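**Student:** Take this sequence and fold it.
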Amino acid sequence: MGLVTEIQPSHIRNFCIISHVDHGKSTLADRLMDMTGAVPSGKSRAQLLDSLEVERSRGITVKAQTVSLFHRDEATGELYLLNLIDTPGHVDFSYEVSRSIAACQGALLLVDCTKGVQAQTVANFWLAFEQELVILPIVNKVDLPHADVDGALEQMASAFDLEPADALCISAKTGVGTDALLPRLLERAPPPTARAEAPLRVLLFDSWYDDFRGVLCLVQVLDGRLRLGHKLVSAATGREYVVTGLELMRPLGMRPLPSLGPGSVGCAVLGMKAIAEACIGDTLCEPHAVQPPLPGFRRPQPTVFAGLFPTSEDGFDELQHAMGRFLLKDGSVSVETDHSNTLGRGLRCGFLGMLHMEVVQQRLRQEHGVEVFVTAPTVPLRATMGDGTRLPILSPEAIPRDFGSLTGRALAAGAERAADPLTMVALEEPLVAVTLLAPSEHVGALIVECEARAGVQTSHAYLGADRAMLKYTMPLAEIATDFHDRVKSLSNGFASLDYEPAGFQVADIVVLGLRINGEDVDALSRIVRRQHALPLAREMVSSMKAEMEREVFDVIIQAVANGSRVLARETIKAARKNVIAKCYGGDISRKKKLLNKQKEGKKRRSIQAGPVQVPQEAFLAVLAPGAKRRG
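**Tutor:** Numbering: from 1, shown residues only. Reported below is the predicted structural model:
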């Protein structure tokens, strides 16, 4: 591997593949590795860079993967080092995409010609465009019988102002048209502008946990040369580290290196013990020559919060241990201990989005063998207190029961109480700017759905003759649950969406809880927008009634708003034994005596009953992902 240290920055190409989910990024990465001979014959397999079981089962990329490839140009005979970054395509991981893009100078913009330009394609294009990457348009899957190459080229021209003649039309799966890819990449993508004589500056753009060596950091040397034994200081945390290992990322394993030259990408072992120390987007430099951090750094913020509780009464320790092990590998999940009167001890977790929450739940089950209950997800609200401080609201329990929607008179009343610093005088919810791309025939249904979710249209344009792009400003709570599924259902699977933060607005919400025989079931409480409270309340009590067993006393199920107002009710009638079945004729007084005796017995049983036991099936029915609810 000494050859790597001799390659000059002018012969290095750092590039990424960006597109929407399932447009063929991982397949194209496989094809590039085959073309450069990086994988010996017989050891190649599909999705080679997707290392997680959840990635292979879902067919998506969750973690960005990097691989270094060697390619000798046939025209000049010169050797080039190609550093390929296969980025995630889902909106939940957009920050990781942006930091991976920051380590590149070129980007392969991949579009599936059977689906056309989709929402995440647009979002990732602008991430690359804003960071001034040279973009190489590529149309993929041209070998399929229903491929619409001309339509995809027309959409790319309309959406990105790219010349159709500049696009390569390929099939990453069969290899059609891929011979021109590497020569085009060497010609169009610029080399890194790193300088060997400048002070050392290193970008940390990915990390993962190794059971034997701790945290491994994926870095690019922006300036200078990184060597073993170098002392580095983090611009984000101020901590100092020593470089104990440097390795080149190869498809079938890492290879040790003595140093990383300017512009190079590799793995650095810095002695970090927890994944939270490795801040994605952080800048590392020498303590005696501190350098300014790369612009755009921020810590990923959770957008969805939910409670995780063990399915067994004594499973909390196992859940806590599994989550501790999981956090070594994924530092983007925020975790706090939680307690429910119904479910016992659990964890309150923050996730990057709904897909991220599902992936975490699946990985806990697959990698650690832990099954969990997941409570209704909520988005973080922002509360303003009487003294002007702002606090995050992450769960329904944090909202006072007497707090209503702060509009009109409520705002005025809140201002009068501003002298009390513990009084909540304002409550705001986050907004997002949503981009929808769909075939023209589905636009009407999508507009109706967006307006039903308090969306405000900001743009309506067409990409070609049969594809439309809609832009809306919507509350994050409206898209944090089933909005993605609804969009796919209304468009027969052809629409796609992307979103980004767009500020805050006054929250019009209620805390919707469930009460059984006067006892609150706190694990089923959720924060919902006021317009959806009544239909959701009816669905909750109906689902609960369908799953609960009859008792010898009446079971009253109520959906309650803000702890006081009953919105919906269902009653499970008591199981009744026919005590007069043995009476054949005779005086009616005998039957009345038996019925009165039964009535008195039921009264005594009701007093002794206490809280009603809610079966697990009832919880799953109310919290099921497939339930038609809006939170």
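
**Student:** Distance of the nearest residue to Glu78 once chain neighbours are set aside relative to Pro191?
**Tutor:** Of all residues not flanking Glu78 in the chain, His11 sits nearest, at 6.4 Å (Cβ to Cβ, 6 or more residues apart in numbering). From N, CA and C alone the C-beta is placed, and that goes for glycine too. Separation of His11 from Pro191 (Cβ to Cβ, to the nearest Å): 7 Å.

**Student:** Next: Glu428.
**Tutor:** According to Cβ to Cβ, Glu428 and Pro191 sit 47 Å apart.

**Student:** does Ile101 belong to a helix or a strand, and which?
**Tutor:** Secondary-structure assignment from DSSP states H and E places Ile101 in helix 94-102.

**Student:** now swap in Phe326 and tell me
**Tutor:** helix 316-327.

**Student:** what's the following helix or strand after that helix?
**Tutor:** Once the chain leaves helix 316-327, the next helix or strand it forms, by DSSP H and E, is strand 334-340.

**Student:** Flag every buried residue along that next one.
**Tutor:** Asp338, Ser340 (16 or more other Cβ atoms under 10 Å).

**Student:** what pLDDT does Ile170 get?
**Tutor:** For Ile170, the pLDDT comes out at 92.

**Student:** Ok, Arg45 next?
**Tutor:** What the model reports for Arg45 is a pLDDT of 52.

**Student:** Make 420 the starting number, not 1.
**Tutor:** All right, first residue 420 from here; so that's Arg464.

**Student:** Can you tell me how far Leu623 is from Ala522?
**Tutor:** Using Cβ to Cβ, Leu623 is found at 9 Å from Ala522.

**Student:** Equivalent analysis for Gln537, please.
**Tutor:** 24 Å.

**Student:** quick one on the thing from earlier: now the residue nearest to Glu497: how far from Gln639?
**Tutor:** 16 Å.

**Student:** Quick check: which ranges of the stretch 620-769 of the chain have low pLDDT?
**Tutor:** Scanning the stretch 620-769 of the chain for pLDDT under 70 picks out the ranges 715-717.

**Student:** mind listing the strands in it by residue range?
**Tutor:** Assigned by DSSP state E, counting those that start in this stretch, the stretch 620-769 of the chain shows strands spanning 620-629, 633-642, 645-646, 650-653, 659-661, 664-669, 672-675, 678-679, 684-688, 701-704, 723-729, 753-759, 763-770.

**Student:** Make JSON lines from those strands and add distance to Gln550 to it.
**Tutor:** Converted to JSON lines, those look like this (distance: least, Cβ to Cβ, whole Å):
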{"stretch": "strand 620-629", "distance to Gln550": "12"}
{"stretch": "strand 633-642", "distance to Gln550": "13"}
{"stretch": "strand 645-646", "distance to Gln550": "22"}
{"stretch": "strand 650-653", "distance to Gln550": "22"}
{"stretch": "strand 659-661", "distance to Gln550": "27"}
{"stretch": "strand 664-669", "distance to Gln550": "22"}
{"stretch": "strand 672-675", "distance to Gln550": "27"}
{"stretch": "strand 678-679", "distance to Gln550": "22"}
{"stretch": "strand 684-688", "distance to Gln550": "16"}
{"stretch": "strand 701-704", "distance to Gln550": "15"}
{"stretch": "strand 723-729", "distance to Gln550": "27"}
{"stretch": "strand 753-759", "distance to Gln550": "28"}
{"stretch": "strand 763-770", "distance to Gln550": "26"}
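
**Student:** quick revisit: more neighbours: His430 and Gln639, which one.
**Tutor:** Counted by other Cβ atoms under 10 Å, His430 and Gln639 do not tie: Gln639 has more neighbours, with 27 against 17.

**Student:** So Met452 sits against Ser445, correct?
**Tutor:** No. Taking contacts as Cβ atoms under 8 Å, Met452 lies outside contact range of Ser445: 10.7 Å.

**Student:** So which of the two has more stuff around it?
**Tutor:** Ser445 (24 against 20).

**Student:** Domains in this protein, by residue range?
**Tutor:** 421-607, 620-704, 723-793, 800-926, 930-1042 (automatic domain parsing).

**Student:** Among those, which comes closest to Arg614?
**Tutor:** Set against Arg614 and scored by Cβ to Cβ, the domains of the chain come closest in domain 620-704, at 5.3 Å.

**Student:** Any idea how far apart the tips of that closest one sit?
**Tutor:** 5 Å (Cα to Cα, to the nearest Å).

**Student:** With stretch 958-978 instead?
**Tutor:** End residues of stretch 958-978 are separated by 9 Å (Cα to Cα).

**Student:** Check the gap between the closest residue in space to Gly937 that isn't next to it in sequence and Asn981 for me.
**Tutor:** For Gly937, ignoring the flanking residues on the chain, the nearest one in space by Cβ to Cβ, 6+ apart is Ile975 at 7.7 Å. Ile975 sits 19 Å away from Asn981, going by Cβ to Cβ.

**Student:** Show me which of the two is the more surrounded one.
**Tutor:** Asn981 (19 against 15).

**Student:** I'd say that one and Val929 touch.
**Tutor:** Yes. Between Asn981 and Val929 a contact is recorded at 5.5 Å, counting by Cβ under 8 Å.

**Student:** Wait, Arg450 touches Gly594, no?
**Tutor:** Yes. The criterion here is Cβ under 8 Å, and Arg450 meets it with Gly594 at 6.5 Å.
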